[in-house]
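Student: 3D model of this:
(2 chains)
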Number of protein chains: 2
Amino acid sequence: MQVFNEFVNVFNAHSDTILSGVADSDVKDAMRYALEAGGKRLRPYLVFAMSSQTLQNENMLNLAYALEMVHTYSLVHDDLPAMDNDDYRRGQLTTHKRFDEATAILAGDALLTQAFYVISTLALNHEDLVRAIHILSTSSGANGMILGQVLDIQNDTKHTNQIEDLYRLYEYKTGCLFSAALRLGNLLNQKHENEAQLDQIGKKLGIVFQIQDDYLERTSTFDVIGKSNQSDLDNHKKTVIEFLGIDATKLKINELYAELNRDIMLLNETYPLLMDIVHWMKDRIK
Amino acid sequence: MQVFNEFVNVFNAHSDTILSGVADSDVKDAMRYALEAGGKRLRPYLVFAMSSQTLQNENMLNLAYALEMVHTYSLVHDDLPAMDNDDYRRGQLTTHKRFDEATAILAGDALLTQAFYVISTLALNHEDLVRAIHILSTSSGANGMILGQVLDIQNDTKHTNQIEDLYRLYEYKTGCLFSAALRLGNLLNQKHENEAQLDQIGKKLGIVFQIQDDYLERTSTFDVIGKSNQSDLDNHKKTVIEFLGIDATKLKINELYAELNRDIMLLNETYPLLMDIVHWMKDRIK
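Tutor: Next comes the predicted model:
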């Protein structure tokens, strides 16, 4: 996926621009640390893949960063001792371990706030900017990603009785931001059609992505996924493996990707980069 | 101040409307708990006071709530053990003591996100909505309120050598949201003049408000300010009292309010409700 690699290089180099207006402080350092910790950059790439913009398009990069800032803040807060209590993320110290808890809390808050600021400065018509704020706030708030975090916490305490509970958790925790990525990318191209279908595709992609994480956490080592695969086990979280076993989980992953393939083909336009990245995601498990 | 009391009643009754679209969860309960914990409602009242709208105006109430949600999230996170570690706020248990730390972190995140969502739904023209997002995100982010929190944390560790450092802390920590309140209220009235003056008035009001807090914390009891007056002393925070002593602090407060009186009179319109609330704020100290 050469275009994905090229995008990641351009995207990563854009962090200076994104942070250039932020006053120097420990919180800014922590924002930068969290943003530059790497990660696959899947969500911003999905924005790009949907947007029909060039790799260097400033507007696209800024909007993609806004979404990545929301994702990053959620990781910084999720790693805190009161939440998942993770010391490592993507193979390096989590933000609160590298700085301290107070700075990590504030850096998360600042990343979330800055995401909305960045959108307010985009070179789009005002109606589309308001639409972008609406998409980002609904997909990441208490009816979206944060609801997913709540379900995740309850998953610790054994509220997850059926596999559907887990799919719902994954839909909110991960699917909502994937949905936002597709819809924001579409919006950047000043297209407003396919909203409902893109929402469904994004959510399904989030679900299968999390199922793959369950699969990889049980079958891989630290090197592959960049964090301890003991974390979920230690926290007594239920995963799809407990419900389906390893073989049926792999079948489920293949089934969902086949559905996604069909869903994308049924859209009334072709999105070749979206199709490619979905195939690339499927290939995380051979 | 009968109109202030009337506003607070109408405002408090509006919380159901604000939370009506939020999915039921522990986080929603915590959002409601934090929002309904009371407080003076000064920031939303400043929005109303500037707006020339009726007490029942939905648009005004929603915008005022958006600002109060940002203020409330900052208190929820500020009270956390890793930050100020306060058990009581406004005379009742802080959110993380009433619920737990994870829920309080997420409720704060959700309140911040919901503030931007609420703005995206206001019945204003799209240009003014984007302006409102811009005002709220800049005043509350890493160049505004959050920078104030950073300075506040550094104040713990004795970085505050001059009284100007403390004024700067207060300007960011409290003044920025007061400035946002005035500018958002003005915007609601579809006025775009006086931006710079209102920004300065809001910041000065924030500084004097915090100086009054220092004064009251040193001279009052739990009943008056609703939180332990030992908190800042226990945390080894510097206050204006250490620099000026009690008597000169009171003089400084009077001096700043006299300046504010003049600044408001110099605006090219009259704002009687703003003048009244500033006098009421001054009267916190007789």
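
Student: Relative to residue A:72, how far out is residue A:220?
Tutor: 23 Å (Cβ to Cβ, to the nearest Å). Yep, even glycine has a C-beta here, placed from its N, CA and C like the rest.

Student: now swap in residue A:110 and tell me
Tutor: From residue A:110 to residue A:72 the distance is 11 Å (Cβ to Cβ).

Student: now do residue A:132
Tutor: Distance, residue A:132 to residue A:72, by Cβ to Cβ: 18 Å.

Student: same deal with residue A:264?
Tutor: Taking Cβ to Cβ, one finds residue A:264 at 27 Å from residue A:72.

Student: Looking at the two now, which is surrounded by more residues?
Tutor: residue A:72 (24 against 18; other Cβ atoms under 10 Å in any protein chain shown).

Student: where's the more buried one, which helix or strand?
Tutor: Secondary structure assignment for residue A:72, by DSSP states H and E: helix A:58-78.

Student: Give me the contact status of that helix with chain B.
Tutor: Yes - part of helix A:58-78 sits near chain B under the criterion Cβ under 8 Å from any Cβ of the partner chain, namely A:73, A:74, A:77.

Student: PyMOL command to pick out the buried ones of the residues you listed?
Tutor: Applying 16 or more other Cβ atoms under 10 Å in any protein chain shown to the residues of helix A:58-78 next to chain B leaves a buried subset, and the PyMOL line that selects it is:
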select buried, chain A and resi 73+74+77
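
Student: Which one of the residues of helix A:58-78 next to chain B is nearest to chain B?
Tutor: Distance to chain B, by Cβ to the nearest Cβ, is smallest for residue A:77 among these, at 5.6 Å.

Student: Contact partners for the closest one?
Tutor: The neighbours of residue A:77, taking Cβ atoms under 8 Å, 6 or more residues apart in numbering or on different chains as the test, are A:83, A:104, A:105, A:108, B:105, B:106, B:109.

Student: switch the cut-off to 6 Å
Tutor: Residue A:77 makes contacts with A:108, B:105, as judged by Cβ atoms under 6 Å, 6 or more residues apart in numbering or on different chains.

Student: That one and residue A:70, how far apart?
Tutor: 11 Å.

Student: Could you do residue A:166 as well?
Tutor: As for residue A:166, its distance to residue A:70 is 23 Å (criterion: Cβ to Cβ).

Student: remind me which residues of the stretch 101-250 of chain A are low pLDDT?
Tutor: For the stretch 101-250 of chain A, the stretches flagged by pLDDT under 70 are A:156-158, A:221-235.

Student: So which residues of it form helices?
Tutor: Along the stretch 101-250 of chain A, the segments classed as helices by DSSP state H, counting those that start in this stretch run A:101-120, A:126-140, A:145-156, A:163-170, A:176-188, A:195-219, A:222-225, A:231-234, A:240-265.

Student: could I get those as a markdown table with distance to residue B:63?
Tutor: Below are those laid out as a markdown table (distance: least, Cβ to Cβ, whole Å):
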| stretch | distance to residue B:63 |
| --- | --- |
| helix A:101-120 | 15 |
| helix A:126-140 | 14 |
| helix A:145-156 | 22 |
| helix A:163-170 | 33 |
| helix A:176-188 | 24 |
| helix A:195-219 | 27 |
| helix A:222-225 | 44 |
| helix A:231-234 | 41 |
| helix A:240-265 | 39 |
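
Student: Save those helices as TSV, and put in distance to chain B too.
Tutor: Listed next are the helices of the stretch 101-250 of chain A as TSV, based on distance: least, Cβ to the nearest Cβ, whole Å:
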stretch	distance to chain B
helix A:101-120	3
helix A:126-140	4
helix A:145-156	5
helix A:163-170	11
helix A:176-188	12
helix A:195-219	15
helix A:222-225	23
helix A:231-234	15
helix A:240-265	22
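
Student: Out of those, the one nearest residue B:253 is which?
Tutor: Residue B:253 lies closest to helix A:101-120 among the helices of the stretch 101-250 of chain A, at 28.8 Å (Cβ to Cβ).

Student: For the closest one, which outside residues touch it?
Tutor: Residues from elsewhere that reach helix A:101-120, judged by Cβ under 6 Å, 6+ apart: A:26-27, A:30-31, A:62, A:66, A:69-70, A:72-73, A:76-77, A:95-96, A:132-133, B:77, B:82-83, B:112, B:116, B:130, B:133-134, B:137, B:140-142, B:146, B:149, B:153.
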